[in-house]
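Predicted model, plus sequence, below.
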Amino acid sequence: MSTTTNRISEVPFVPPTEDAMEDQADPELAYQKLLERLCDASVSKRYEAYRDIDWDSPEMQVDQDDLRWELAEDHPLGATHWYRSQPDGIRSRIGLNLAVGFCYTGRIFEGILSRGLLRFAASKPHNSLEYRYAYHEVIEEAHHSLMFQEFVNRSGLPVPTMDDDFIMETSRVAEFGSTFPEMLFVYALGGEDPIDYVQREGHRKQTRSHPLNKRISQIHITEEARHVAFARAYLLLNVPKLSDEKRHEMSLAAPTILSNMSKMMMQPPEHIIATYNIPPEVIDEAFTNNPAHRNTVVASLSKLRNLCEKLGLMNDEAREIWRSGGLLPE
Ligand SMILES: [Fe+2]
Ligand SMILES: [Fe+2]
């Protein structure tokens, strides 16, 4: 293990945030300074999937019967009578399968974002800090994807791969990296904010979670804070410069993207429902008609909602999409 490795118990590293952009006389200069600090942090506080996780240590081994994979009682599905009445080995497998499914979705999302970031970087001139920072982020996402995939492999549980149509469709999102970067970074936050919220909550509670899960979350939370800070700062600087037409397009696209992304990140995929024969009424009770789950989704998007307000992306038409998608507080 590297000497630079953080210990699991270490308080998460606090990176520079886009707050530095607020109340600055020169937003462009503030943005460049933030980029410098993010680049420095990417050098001094970085992780590698096969260096900073001790995959072969006994405590990191993944056992499908380990009850530490069981869903907590305040998890939407974990709280249902159906789940609690399943045998031990099924409860642990459902929890583990959800954790690896979440990681697989994360790696697909990161692949799309990375393709977008490479297109974004390619459009930048020599000496561009945006170019350099985008490459740091791609490198970090690549290590996250290696880490997520290794966890999937070690679980030995079924996680179906995305089909070719999905990959083709998402190429359009990656193209935004050079054609409409503001849209790419809304998409980035749509994935990163809900993942980050779920991982921070899990990390905060971490009563009896598995050490491998803790380690993966801790690494991810630390590095994602930089990605979120960058995307927010980019949007704060650049959305006000867009034409009215493009801002309107963004205002309608944002809640649509967020509604889809939060479902992907916070509800069980179809294959898990099918594998464990989870009855439709249990899914309904846990997710579709569960006010507590709805509140979690709304809370996970609250920072992004405030950002959209600040950027003037909350016109009446957009607010109606937010509202009908269940993304606004009651
Ligand atoms: Fe990531
Ligand atoms: Fe990220």
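Good, I have the coordinates. Ligands and ions are numbered 1, 2, ... in the order given.

From here on, just use CA atoms for contacts and neighbour counts.
OK.

Pull out the buried positions in stretch 280-293.
For stretch 280-293, a neighbour-count test (16 or more other Cα atoms under 10 Å) marks 282-283, 285-287, 293 as buried.

Which SSE is immediately downstream of the helix or strand containing Asp193?
Asp193 belongs to helix 181-205 when elements are defined using DSSP states H and E. Sequence order places helix 211-238 as the next helix or strand after helix 181-205, per DSSP H and E.

Tell me if I'm right that Thr80 and Phe287 touch.
No. With contact defined as Cα atoms under 8 Å, Thr80 does not reach Phe287; the gap is 10.6 Å.

what's near enough to touch Leu146?
Ala49 (Cα atoms under 8 Å, 6 or more residues apart in numbering).

Look up how far Ile216 lies from it.
According to Cα to Cα, to the nearest Å, Leu146 and Ile216 sit 11 Å apart.

What of Asp56?
15 Å.

Kindly report the same for Glu245.
On the measure of Cα to Cα, Glu245 and Ile216 end up 41 Å apart.

And these two? Which one has more around it.
Higher neighbour count among Glu245 and Ile216: Ile216, with 20 against 9, using other Cα atoms under 10 Å.

Chain neighbours aside, what residue packs nearest to that one?
Met147 (7.4 Å; Cα to Cα, 6 or more residues apart in numbering).

Buried ones in the helix or strand harbouring the one you found, by neighbour count?
Per DSSP H and E: Met147 is located in helix 129-155. Residues of helix 129-155 classed as buried: 129-152, 155 (neighbour count, 16+ other Cα under 10 Å).

Stretch 182-198 too?
Under 16+ other Cα under 10 Å, the buried positions of stretch 182-198 are 182-198.

same check, this time on stretch 312-321
Counting neighbours by 16+ other Cα under 10 Å, one finds that the buried residues in stretch 312-321 are 313-314, 318-321.

now those residues in a markdown table, with distance to Gly116 and secondary structure?
What follows is the buried residues of stretch 312-321, written out as a markdown table (distance: Cα to Cα, whole Å; DSSP: H, G, I helix; E, B strand; the rest coil):
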| residue | distance to Gly116 | secondary structure |
| --- | --- | --- |
| Leu313 | 22 | coil |
| Met314 | 25 | coil |
| Ala318 | 25 | helix |
| Arg319 | 27 | helix |
| Glu320 | 29 | helix |
| Ile321 | 25 | helix |
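
before we move on, back to that, and the angle for the helix holding Met147 with helix 211-238?
160 degrees (axes from the mean of the first three to the mean of the last three Cα atoms, to 10 degrees).

Tell me where this structure is predicted with low confidence.
The chain contains residues with pLDDT under 70 at 1-23, 203, 205-207.

Check whether Cys39 sits in a helix, strand or coil.
helix (DSSP: H, G, I helix; E, B strand; the rest coil).

I'd like to know how many residues surround Ile278.
15.

What of Ile219?
For Ile219, the neighbour count with other Cα under 10 Å is 24.

just the one 4 residues further on next, same as before
Glu223 is surrounded by 23 other residues when neighbours are defined as other Cα under 10 Å.

Relative to Leu184, how far out is it?
Applying Cα to Cα to Glu223 and Leu184 gives a distance of 19 Å.

before we move on, what about Pro280?
34 Å.

try Ala99
26 Å.

Check Leu327 too.
20 Å.

cool, Leu129 as well?
18 Å.

What of Gln86?
Taking Cα to Cα, one finds Gln86 at 42 Å from Leu184.

residues touching Met60, list them.
54, 210-212.

among those, which two are most distant?
Asp54 and His210 (13.6 Å; Cα to Cα).

Settle it for me: which of the two has more neighbours?
More neighbours surround His210 than the other of Asp54 and His210, with 19 against 15 (other Cα under 10 Å).

And that one, how far from Gln32?
His210 is 40 Å from Gln32, by Cα to Cα.

try Asp316
In terms of Cα to Cα, Asp316 sits 34 Å off from Gln32.

Same question for Pro160.
Counting by Cα to Cα, the gap from Pro160 to Gln32 is 42 Å.
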